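Student: 3D, please:
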Amino acid sequence: QVQLVESGGGLVQAGASLRLTCAFSGGSFSGYAMAWFRQAPGKEREFVASISVSGANTFYADSVKGRFTISRDNNNAAAYLQMNSLNPEDTAVYYCNAVGDGVGNVYWGQGTQVTVSS
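Tutor: The predicted model follows:
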């Protein structure tokens, strides 16, 4: 059973940086595309960034483009989200997501809280 564990969240001031880590276990990491989503209080969960199996292709929400960078390490079965120039609108619970081949082969982590103060 695939398990995802996020870490690296915290409370920071506007303009600061954080690096989130998603540790993957229970499957073949190199067979899963990875993504980050976030959910702010009272809002729907939204897409933040994704990275392909090989790492060659990345996609970003317009709201984070140029500030956030998604990456992966297939040797260490981990995905990362480097977040720079954080602002209060980035405050949310950040979730790691893994998508593999086949129906229902989708997994979520438990989330990590990111709070940005002004």
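
Student: any idea which residue sits dead centre in the chain?
Tutor: Among the residues of the chain, the one closest to the centroid is Trp36, at 2.8 Å (CA atoms, centre = their mean).

Student: Contact partners for it?
Tutor: 20, 22, 48-50, 70, 79, 81, 94-97 (CB atoms under 8 Å, 6 or more residues apart in numbering). C-beta: built from backbone N, CA, C; applies to glycine.

Student: Now intersect those residues with the strands, please.
Tutor: 20, 22, 48-50, 70, 79, 81, 94-97 (DSSP state E).

Student: Export these to a markdown table and append columns for pLDDT, distance to Ser118 and neighbour count.
Tutor: Formatted as a markdown table, the ones in strands among the contacts of Trp36 follow (pLDDT from 0 to 100; distance: CB to CB, whole Å; neighbours: other CB atoms under 10 Å):
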| residue | pLDDT | distance to Ser118 | neighbour count |
| --- | --- | --- | --- |
| Leu20 | 98 | 21 | 25 |
| Cys22 | 98 | 27 | 26 |
| Val48 | 98 | 21 | 24 |
| Ala49 | 98 | 24 | 23 |
| Ser50 | 98 | 29 | 19 |
| Ile70 | 98 | 25 | 23 |
| Ala79 | 98 | 29 | 31 |
| Leu81 | 98 | 22 | 27 |
| Tyr94 | 98 | 19 | 23 |
| Tyr95 | 98 | 24 | 21 |
| Cys96 | 98 | 27 | 27 |
| Asn97 | 98 | 29 | 21 |
